[in-house]
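>>> All I have is the shape, not the residue letters:
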């Protein structure tokens, strides 16, 4: 080991240096504190043995400076002292000394104390290298998470469908890097718009993987038969739009809950018929859509309930239907909206949610969604979001 | 979560107390599985002040397990916050939900 000695007495210094060299250490012996400090800043010494009483810069101050000096790895410091009073030891420890050897030193004692120092340094060293490995692993994982989050983000509606007579807006706030919520809105054919919000139970990677799978299954593939729009030779169009309740049962068949991890999801899937303005929807364990009725100026959550997807085999779902009028607004959302808590642990709740919708009814839809989101954020204040927050809204516009 | 069990009128009753979350869910599944699996079961939710998605999954797995063993299961006296989740997720389709423990016991006795 490289050892730095600070000792103003020539005889002591020489004896100390020779003893340490005999034990196989590489030694630099400085004649005072100032030179020792200069050497310490220049080179690396894992062990410093310093006399306490020295002119200029004493051992106590040297140890203090070493402790405040930013460097890699721990430095083990031993103070040589002629005094052995208790208060001196306390002052030495306060300055940061690890150990004390009384002068004139006993070689066997010094040897034992140095070995103790070596043990501590080697522990510190292996701890540091293990920390480094952990940090590297942590960096890799964080990098992977960020990449996964990026993929997930790309699955959110990049552009909202442009449909005459309809307006859309959405807000999405994952509580962790990865989300278990998904939302989307898209056109299925010239007369049908599909929209949904789903919420995979639990968080993290398993939830996000299922969320990504689902967003692929529930996506508009134009030239292919899929869950939402199936090829059908009997139909004049050559396909049929699958009713929401059937979408619910099919997903339920396809995604049974795994008893090992208890993972499942809730879904609100709706279909708007542009010719009749009828909104039909399936509610699978998911809170019902909120409707803002333009005629009355009031908002309410539409009735309905249903088992989450995957809970029970062969579930048949109930389908809700509601005819919309001009300027009516529909809000689909995840339970993260209603269950977001303020610092006192009180939930945002349905009432406050509906109030926010009503209060923003005269603003354009995008601003209304932003207003609801802001209300929610204000409610939570310093409390962190414990769940993903999704909000997807549509409005029937006056036809030209 | 604290779970205490007793047998009342030949029906196993598990009194749950605290937060029904992921770890409580595991605890629930284990303790109830070990319980005499051959009798009907009532989960008394009067002292459950919080339930998350993992807790709900555990509840459903316990109910399903009991049903597949040919036994019945009922839920008793959920707090408003839990009752709301049970309502949205239509758990009544799986197991009756009664406002009191006595009512749940009466219900299971009646159907015998």
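Perfect, I can see it now. All values reported here derive from a predicted model rather than from experimental measurement.
>>> Which other helices and strands does the helix or strand harbouring residue A:375 contact?
Element membership of residue A:375, judged by DSSP states H and E, is helix A:365-380. The contact analysis (3 or more CB pairs under 8 Å, 6 or more residues apart in numbering or on different chains; DSSP states H and E) places helix A:365-380 against strand A:166-173, strand A:329-333, helix A:349-359, strand A:389-396. C-betas here are computed from N, CA, C, even on glycine.
>>> again, 6 Å this time
Here helix A:365-380 touches strand A:166-173, strand A:389-396, going by 3 or more CB pairs under 6 Å, 6 or more residues apart in numbering or on different chains; DSSP states H and E.
>>> partner strands of the first one, parallel or antiparallel?
This points to strand A:166-173. Here strand A:166-173 has these sheet partners by DSSP bridges: strand A:389-396 (antiparallel).
>>> who touches the strand it pairs with?
A:167-173, A:181, A:183, A:197, A:324, A:326, A:328-334, A:336-337, A:365, A:369 (CB atoms under 6 Å, 6 or more residues apart in numbering or on different chains).
>>> Can you mark which positions in the helix holding residue A:375 are buried?
A:365-366, A:368-373, A:375-376, A:379-380 (16 or more other CB atoms under 10 Å in any protein chain shown).
>>> So what does the residue of the stretch 51-200 of chain A found nearest chain B look like in phi/psi?
In the stretch 51-200 of chain A, no residue comes nearer to chain B than residue A:199, which is 7.9 Å away by CB to the nearest CB. Main-chain torsions, residue A:199, degrees, to the nearest 10: phi -140, psi 110.
>>> in terms of contact, does it touch residue A:334 like I think?
Yes: under the criterion of CB atoms under 6 Å, residue A:199 makes contact with residue A:334 at 4.6 Å.
>>> where's the nearest residue to residue B:51 once chain neighbours are set aside relative to residue A:110, distance?
Nearest residue to residue B:51, sequence neighbours excluded (CB to CB, 6 or more residues apart in numbering or on different chains): residue B:20, at 4.2 Å. Distance, residue B:20 to residue A:110, using CB to CB, to the nearest Å: 62 Å.
>>> in which helix or strand would I find residue A:187?
Counting by DSSP H and E, residue A:187 is found in strand A:181-189.
>>> Name the residues of the stretch 151-300 of chain A found near chain B, please.
With the criterion set to CB under 6 Å from any CB of the partner chain, the stretch 151-300 of chain A comes near chain B through A:201-202, A:259, A:262, A:285, A:287.
>>> Next, report how far stretch A:80-94 is displaced from the centre of its chain.
How far stretch A:80-94 lies from its chain's middle: 48 Å, per CA atoms, centre = their mean, to the nearest Å.
>>> And stretch A:304-311, by the same measure?
Centroid separation for stretch A:304-311 versus its chain: 29 Å, with CA atoms, centre = their mean.
>>> if you look at it, does any of it touch chain B?
Yes: for stretch A:304-311, a contact with chain B is found by CB under 6 Å from any CB, at A:305-308, A:311.
>>> Let's have those in TSV, adding secondary structure, distance to residue B:78 and pLDDT.
TSV is the format used below for these (DSSP: H, G, I helix; E, B strand; the rest coil; distance: CB to CB, whole Å; pLDDT from 0 to 100):
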residue	secondary structure	distance to residue B:78	pLDDT
A:305	coil	15	90
A:306	coil	19	94
A:307	coil	17	96
A:308	coil	17	96
A:311	coil	17	93
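>>> Let's see if you can find the most crowded of those residues.
Using other CB atoms under 10 Å in any protein chain shown as the neighbour test, the residues of stretch A:304-311 next to chain B are led by residue A:306, with 28 neighbours.
>>> OK, contacts around that residue?
With contact taken as CB under 6 Å, 6+ apart, residue A:306 is in contact with A:283-284, A:317-318, B:90.
>>> Do a quick rundown of the helices in the chain.
I went with chain A, as the question did not name one. Along chain A, the stretches classed as helices by DSSP state H are A:10-22, A:33-42, A:59-68, A:86-95, A:107-154, A:204-217, A:244-254, A:335-339, A:349-359, A:365-380.
>>> The chain in question should be chain B.
In chain B, the helices defined using DSSP H lie at B:22-34, B:53-68, B:80-88, B:101-110.
>>> out of those helices, deepest packed?
helix B:53-68 (a mean of 22; mean count of other CB atoms under 10 Å in any protein chain shown).
>>> tell me which strands and helices it is in contact with?
Judged by 3+ CB pairs under 6 Å, 6+ apart, helix B:53-68 is in contact with helix B:22-34.
>>> and the helix it packs on, what other elements does it pack with?
Helices and strands touching helix B:22-34, by 3+ CB pairs under 6 Å, 6+ apart, are helix B:53-68.
>>> The helix it packs on vs helix B:80-88, what angle?
60 degrees (axes from the mean of the first three to the mean of the last three CA atoms, to 10 degrees).
>>> what's in contact with helix B:53-68?
Helix B:53-68 has contacts (CB under 6 Å, 6+ apart) with A:201-202, A:259, A:262, A:311, B:20-22, B:25, B:28-29, B:32, B:41, B:73, B:94-95.
>>> quick one: contacts of the helix holding residue A:375?
Residues outside helix A:365-380 that contact it (CB under 6 Å, 6+ apart): A:167, A:169, A:171, A:340, A:342, A:348, A:356, A:360, A:391, A:393, A:395.
>>> Next, the angle from it to strand A:166-173.
Orientation check (the same axes, to 10 degrees): helix A:365-380 against strand A:166-173 gives 30 degrees.
>>> Tell me the gap between helix A:365-380 and the middle of its chain.
The answer for helix A:365-380 is 22 Å, by CA atoms, centre = their mean.
>>> and the angle from it to strand A:329-333?
Going by the same axes, to 10 degrees, helix A:365-380 makes 40 degrees with strand A:329-333.
>>> What average pLDDT does helix A:365-380 get?
Helix A:365-380 shows an average pLDDT of 95 in the prediction.
>>> now stretch A:210-218
Averaging pLDDT along stretch A:210-218 yields 89.
>>> Please apply the same query to stretch A:282-295.
96.
>>> returning to what we had before: if we only consider the contacts of residue A:306, which is nearest to residue A:137?
Taking CB to CB as the measure, residue A:137 lies nearest residue A:284 of the contacts of residue A:306, at 38.4 Å.
>>> quick one: low-confidence parts of chain B?
Scanning chain B with the threshold set as pLDDT under 70 gives B:33-37, B:111-112.
>>> Good, wrapping up.
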